[in-house]
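Trainee: sequence unknown, structure follows:
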Ligand SMILES: Nc1ncnc2c1ncn2[C@@H]1O[C@H](COP(=O)(O)OP(=O)(O)O)[C@@H](O)[C@H]1O
Ligand SMILES: [Mg+2]
């Protein structure tokens, strides 16, 4: 089914006990858009992402993803929706002792039956596909290397390749570069952008770095205390517009490294 919007959230409220993690939150994301979710720690970014693949149920409001009402989807319908949604995390969750190729292949398990011992247990078409996904993330030459021997940035790219094996229509990335250095972060963001452009994949990505949000994403959505407080094209924003959303993080980083200066807007290349 083709839908104009990959994500449609209307009036989403989520309470954890007395605490409102999301409050009357609405957002529509057209197919093929790369969206940055920004906001201080605790603002509700992960809670939003977890609603999109049905890990949380709304207290109130509607969540529609890829044409499915996630709030009411159960059983086979929910499993089928989840197969179309790739999820990557700050921690890569790879099997360290397995090769990169085996890790990527495991992304196809949702559509294959039975356990698949080693690479040889997968149909040849899947093995070819897994290699193609490793190629897409620039790591085809690491296919037979143990995952835990790769750098953090490379492991995150393997995790993205594994998610791509699901043949997803939507990719959710929860702080995918939070534990990476700036150079490897850029490589991971390049891969997410390439997925968006080459596969017309919709990507929602929570980010703690101003320069990543402005430099790589088309649209920036800001949360504060569970509410939507910013929704703008990245090309219309400057670094100073986002400072509030990152004040806690920047302050913490500057305390740790007093020589640190915020990224100047001029250094940000709009894409
Ligand atoms: N499972 C949960 N149970 C109780 N409170 C939660 C749960 N998940 C998140 N919260 C609370 O909801 C708020 C938003 O959290 P979260 O979505 O993780 O924020 P972010 O990802 O922006 O840091 C926080 O106050 C957090 O403590
Ligand atoms: Mg979070």
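Mentor: Ah, there it is. Everything quoted here is computed from the prediction, not taken from an experiment. Residues are numbered from 1 along each chain as shown. Ligands and ions are numbered 1, 2, ... in the order given.

Trainee: Mind telling me which residue of the stretch 1-150 of the chain is nearest ligand 2?
Mentor: residue 46 (3.2 Å; Cβ to the ion). Where you see a C-beta, it was placed from the backbone N, CA and C, and this is true even at glycine.

Trainee: neighbours of that residue, just the number please.
Mentor: 20 (other Cβ atoms under 10 Å).

Trainee: Is it in a helix, a strand, or coil?
Mentor: Put simply, residue 46 is helix when judged by DSSP: H, G, I helix; E, B strand; the rest coil.

Trainee: Could you check the pLDDT of residue 240?
Mentor: Here, the pLDDT recorded for residue 240 equals 83.

Trainee: and it, backbone torsions?
Mentor: Here is the backbone geometry of residue 240 (degrees, to the nearest 10): phi -70, psi -30.

Trainee: How about the contacts made by the residue of the stretch 1-150 of the chain closest to ligand 2?
Mentor: 174, 206 (Cβ atoms under 8 Å, 6 or more residues apart in numbering).

Trainee: The same query, at a cut-off of 10 Å, please.
Mentor: 21, 37, 55-56, 89-90, 172, 174-175, 206 (Cβ atoms under 10 Å, 6 or more residues apart in numbering).

Trainee: Am I right that residue 7 is in a helix?
Mentor: No - applying three-state DSSP, one finds residue 7 to be strand, outside a helix.

Trainee: so the residue lying closest to it once chain neighbours are set aside, which of the three states?
Mentor: Leaving aside its sequence neighbours, residue 7 sits nearest to residue 29 (Cβ to Cβ, 6 or more residues apart in numbering; 4.1 Å). The local conformation at residue 29, judged by three-state DSSP, is strand.

Trainee: Rounded mean pLDDT for the helix or strand harbouring residue 23, please.
Mentor: Per DSSP states H and E, residue 23 falls inside strand 19-30. For strand 19-30, mean pLDDT rounds to 98.

Trainee: hmm, that strand touching ligand 2?
Mentor: No - residues of strand 19-30 are not located near ligand 2 by Cβ under 5 Å from the ion, the shortest gap being 10.4 Å.

Trainee: quick one, phi psi at residue 192?
Mentor: Dihedral angles for residue 192 - degrees, to the nearest 10 - are phi -60, psi -40.
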